[in-house]
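Undergrad: Quick one: sequence and predicted model below, then my questions.
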Amino acid sequence: MRKIILSVILITILVLTFISNFIIADNPIPAEAVKFDTGDTAWMIVATAFVLLMTPGLGFFYGGMVGKKNVISTMLQSFMAMVIVTILWTVVAFGLAFGPTIGGIIGDPSQNLFFAGVGTNTAWSLAPTIPFILFALFQAKFAIITPALITGAFAERIRFWAYLLFMVLFIILIYAPLAHMTWHPDGVFFKMGVLDFAGGTVVHMSAGWAALAGAIFLGKRKVQKVNPARITYVLLGTGLLWFGWFGFNAGSALGANGLAAQALGTTTVAAAAAAMAWVFLDKILGHKLSALGACIGAVVGLVAITPAAGFVSIPHAIFIGLFSAIVSNIVVSKFPKGKIDDALDVFACHGVGGMVGMLLTGVFASKAINPAVGDNQGLIFGTPTLFINQLTALVIVSIFAFVASYALFFIVNKITPLRVTEEKEELGLDISQHGEFL
């Protein structure tokens, strides 16, 4: 049956793309040519490439943490996110996220099927200085890394084909609505005044809550404590993530401007502060200063500053990095690992880090940094409205992402088993799922 389904998918895409000029409406180019800024365009091309690099970086980050017999499978899960989500985004998901609104919840994909109307002579309303296709491709990289983040929670025990099906459903039913609600001018969160510069709700909270749902649904591994296969992979992955995150956050300014420079600065110091706080706290608690701890701390800081990057000052970014690392470190140490097997602490790092970042955006966002903040500044400036909006969005997104993700795991499991057999888990996913090994 799987062979038939995969054959149908390939043949359908082949046929539709071959005859696309006959079945997809071609939006006419307006008579007056759009004038794009070459500097903005150049920067956004680079930023898009930066963000794409984060996903293989995540593969190294996760791959180094799992046991040796699951390294290839874990890294391949990230790589296949680049493959599957790219096509899915082009065919339908971009329209779901950024198409004309349907109730402020989801976009109408009909106008942008196969990137119809997404070309080099039109522009997105909030990014008028770069081609529309560049904005769409930049956003694709955010969609790619989000399901890849989830994989760390159910590492070493998920069937690969079931993961691919979950990833497709997650992008369509969870990621796209959240992106629309948060970043589309007609989205409900956008209209509420919720601030999410580069993906605290859309990327990290959605991934964190989905990770928790997956860890609960799939159950524990037979052997939960494994020696990391390659700490050097983790270090390499962290470096690639940190590098790529400059595109993630600074690129979200959607131009080569002062706001991009500010986001670059806040991202740099938050990551450094969080790595420092993590290893210092480990030492205070009687643990050794580890490479693994430094890497996890840096990533937590990157996660936490993501929603705030273009809204806060450098000193407040340092505070966000320090505070998020302390909170996540405590959550990791107190997490009920014997009952819930979140293999690589995705919820404690990405979910909690994203929530801390969202709330602290409501505390520190300043119109002096970004005029778009307006009069509803952060709580520290004496106006509570933004903080209340951030908290409201946090609660709604948390409930939606967890419940919807758990439902998707349930549905996928009914279609095809999510978890490998005990024998295949014991053998390792590299061999049992892919016939390869280190």
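TA: Yep, it's here.

Undergrad: what's downstream of the worst-scoring helix or strand of the chain on mean pLDDT, the next helix or strand?
TA: Across the helices and strands of the chain, the lowest-confidence element by mean pLDDT, DSSP states H and E is helix 20-23, at a mean of 73. Past helix 20-23, further along toward the C-terminus, the next helix or strand under DSSP states H and E is helix 38-63.

Undergrad: buried stuff in the least confident helix or strand of the chain?
TA: Judged by neighbour count using 16 or more other C-beta atoms under 10 Å, helix 20-23 contains no buried positions. No exception for glycine: its C-beta is placed from N, CA and C like everyone else's.

Undergrad: Give me the contacts around it.
TA: Helix 20-23 is contacted by residues 16, 114 when judged by C-beta atoms under 8 Å, 6 or more residues apart in numbering.

Undergrad: from the middle of its chain, how far away would it be?
TA: How far helix 20-23 lies from its chain's middle: 33 Å, per C-alpha atoms, centre = their mean, to the nearest Å.

Undergrad: cool, stretch 383-396 as well?
TA: So, by C-alpha atoms, centre = their mean, the centroid of stretch 383-396 is 21 Å from its chain's centroid.

Undergrad: Name the residues that touch that stretch?
TA: Taking C-beta under 8 Å, 6+ apart as the rule, stretch 383-396 contacts 182, 189, 192-196, 201, 205, 355, 358-359, 361-363, 365, 373, 375-379.

Undergrad: doesn't residue 40 make contact with residue 130?
TA: Yes - between residue 130 and residue 40 there is a contact at 5.2 Å, judged by C-beta atoms under 8 Å.

Undergrad: and for those two, which residues touch both?
TA: By C-beta under 8 Å, 6+ apart, the residues touching both residue 130 and residue 40 are 254, 255.

Undergrad: neighbour-wise, which of those two wins?
TA: residue 130 (25 against 21; other C-beta atoms under 10 Å).

Undergrad: Report the contact partners of the closest residue to residue 254 other than its chain neighbours.
TA: Nearest residue to residue 254 in three dimensions, chain neighbours excluded: residue 127, at 4.3 Å (C-beta to C-beta, 6 or more residues apart in numbering). Under the criterion of C-beta under 8 Å, 6+ apart, the neighbours of residue 127 are 135, 254, 255.

Undergrad: that older thread, pull out the buried members of the contacts of stretch 383-396.
TA: The buried subset of those (16+ other C-beta under 10 Å) comprises 182, 189, 192, 194-196, 201, 205, 355, 358-359, 361-363, 365, 373, 376-379.

Undergrad: Can you tell me which of the residues you listed end up in strands?
TA: Among those, no member falls in strands (DSSP state E).

Undergrad: remind me which residues of this protein are low pLDDT?
TA: Residues of the chain meeting the criterion pLDDT under 70: 23-33.

Undergrad: give the contact list for residue 2.
TA: 161, 416.

Undergrad: Look up how far residue 417 lies from it.
TA: For residue 2, the distance to residue 417 equals 12 Å [C-beta to C-beta, to the nearest Å].

Undergrad: Check residue 385 too.
TA: For residue 385, the distance to residue 417 - C-beta to C-beta - is 48 Å.

Undergrad: same question, residue 113
TA: 32 Å.

Undergrad: These two: who's more crowded?
TA: residue 113 (20 against 13).

Undergrad: Run through the residues that contact residue 375.
TA: Counted by C-beta under 8 Å, 6+ apart, residue 375 has contacts 367, 383.

Undergrad: which SS class is residue 433?
TA: Under DSSP: H, G, I helix; E, B strand; the rest coil, residue 433 falls in the helix class.

Undergrad: Enumerate every residue touching it.
TA: 73, 159, 160, 420, 424.

Undergrad: Identify the residues contacting whatever helix or strand residue 207 lives in?
TA: Using DSSP H and E, residue 207 sits within helix 206-218. Outside helix 206-218, the residues that touch it by C-beta under 8 Å, 6+ apart are 146-147, 149-150, 152-154, 157-158, 170, 174-175, 178, 340-343, 346-347, 349-355, 397-398, 401-402, 405-406, 409-410, 413, 418-419.

Undergrad: Please spell out which residues along it are buried.
TA: 206-218.

Undergrad: try stretch 126-144
TA: 127-144.

Undergrad: for stretch 334-342, same thing?
TA: 335, 337, 341, 342.

Undergrad: Any idea how many residues pack against residue 372?
TA: Count around residue 372 with other C-beta under 10 Å applied: 12.

Undergrad: Give me the distance between it and residue 41.
TA: 21 Å.

Undergrad: farthest pair in the buried residues of stretch 334-342?
TA: 335 and 341 (10.1 Å; C-beta to C-beta).

Undergrad: Relative to residue 157, how far out is the nearest residue to residue 222 once chain neighbours are set aside?
TA: Sequence neighbours aside, residue 425 is the residue nearest to residue 222 in space, at 5.9 Å (criterion: C-beta to C-beta, 6+ apart). According to C-beta to C-beta, residue 425 and residue 157 sit 5 Å apart.

Undergrad: intersection of neighbour lists for the two?
TA: 221, 419.

Undergrad: which ones are touching residue 231?
TA: Per C-beta under 8 Å, 6+ apart, neighbours of residue 231: 64, 291, 292.

Undergrad: quick one: it and residue 366, what's the gap?
TA: Residue 231 is 39 Å from residue 366, by C-beta to C-beta.

Undergrad: and what of residue 238?
TA: To residue 366, residue 238 is 29 Å away according to C-beta to C-beta.

Undergrad: Same question for residue 147.
TA: From residue 147 to residue 366 the distance is 33 Å (C-beta to C-beta).

Undergrad: how about the nearest residue to residue 161, chain neighbours excluded?
TA: In space, and not counting its chain neighbours, residue 161 is closest to residue 416: 6.2 Å by C-beta to C-beta, 6+ apart.

Undergrad: Give the phi and psi angles for that neighbour, as a check.
TA: Torsion angles at residue 416 (phi, psi; degrees, to the nearest 10) stand at phi -150, psi 140.

Undergrad: In PyMOL, select just the buried ones from the contacts of helix 206-218.
TA: Selection of the buried residues among the contacts of helix 206-218 in PyMOL, burial being defined by 16+ other C-beta under 10 Å:
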select buried, resi 146+147+149+150+152+153+154+157+158+170+174+175+178+341+342+343+346+347+349+350+351+352+353+354+355+397+398+401+402+405+406+409+413+418+419
